[in-house]
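Q: What shape does this take:
(2 chains)
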Amino acid sequence: NAGVTQTPKFRILKIGQSMTLQCTQDMNHNYMYWYRQDPGMGLKLIYYSVGAGITDKGEVPNGYNVSRSTTEDFPLRLELAAPSQTSVYFCASRGGSRAYEQYFGPGTRLTVT
Amino acid sequence: QKEVEQNSGPLSVPEGAIASLNCTYSDRVSQSFFWYRQYSGKSPELIMSIYSNGDKEDGRFTAQLNKASQYVSLLIRDSQPSDSATYLCAVNMGAGGFKTIFGAGTRLFVKA
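A: Reported below is the predicted structural model:
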């Protein structure tokens, strides 16, 4: 049971490039989340999903896209990377009940130069 | 108004003292509240959850919830240097609780 895994761990992008951050969970959780964390700040919700085929915007969705074709995977797509997207990105998953806590992946550190 | 607000600190307490961390939230129908601890360069880890008004104790940690005041707090008794970290308040927003929003976090320093 690996929990929540994220790839890559680190990435440097040039301005205008695109990339996909991968997130996979093996706990059969319905809910999955993407957050970004800027230095010294809390977590900002980018997108979330309550099940395969269902996604919704969070607090800071601009510049990102997501899809959820399976229960296990929830990739985050960055189109036209900008320096403002330099951050640490965390993926998390949760069981279906509102009372359940989140389990986090190890994070992806992204730098856009 | 931010959905979840915390005093960003830093909060500095001597070893053995009680550390008190506070959090307020905007959505009064929210039902589930969590405290996570995050060490520098690591992922957040859950330390407490609370769903009902009142106090919930787990070892040296006590979570307090007041839904009427939309206020959640975390007390850490007998603070240790290993408690030095950022503490994040999280709320499963709304009646459905689908969306989990975090506060900005409070940095805690425990001085030996």
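
Q: Number of residues surrounding residue 50?
A: With no chain named, the answer covers chain A. Residues within reach of residue A:50, counting by other C-beta atoms under 10 Å in any protein chain shown, total 17. From N, CA and C alone the C-beta is placed, and that goes for glycine too.

Q: wrong one, chain B
A: Using other C-beta under 10 Å: residue B:50 sits among 20 other residues.

Q: what about the residue nearest to it when sequence neighbours are not counted, which helix or strand?
A: Nearest non-adjacent residue to residue B:50, counting by C-beta to C-beta, 6 or more residues apart in numbering or on different chains: residue B:63, 4.3 Å away. Of the helices and strands defined by DSSP states H and E, residue B:63 is found in strand B:61-66.

Q: For chain B, what lies in contact range of chain A?
A: Proximity of chain B to chain A is confined to B:3, B:6, B:31-32, B:34, B:43-46, B:49, B:51, B:88, B:90, B:92, B:96-105 under the rule C-beta under 8 Å from any C-beta of the partner chain.

Q: which among those end up buried?
A: B:3, B:6, B:31-32, B:34, B:43-44, B:49, B:88, B:90, B:92, B:97-105 (16 or more other C-beta atoms under 10 Å in any protein chain shown).

Q: out of those, which are inside helices?
A: In helices, defined here by DSSP state H, there are no members of those.

Q: In strands, which of those residues fall?
A: B:6, B:32, B:34, B:49, B:88, B:90, B:92, B:99-102 (DSSP state E).

Q: where does the residue positioned nearest the centre of chain A land on pLDDT?
A: The residue lying closest to the centre of chain A (C-alpha atoms, centre = their mean) is residue A:34, at 2.9 Å. In this prediction, residue A:34 carries a pLDDT score of 98.
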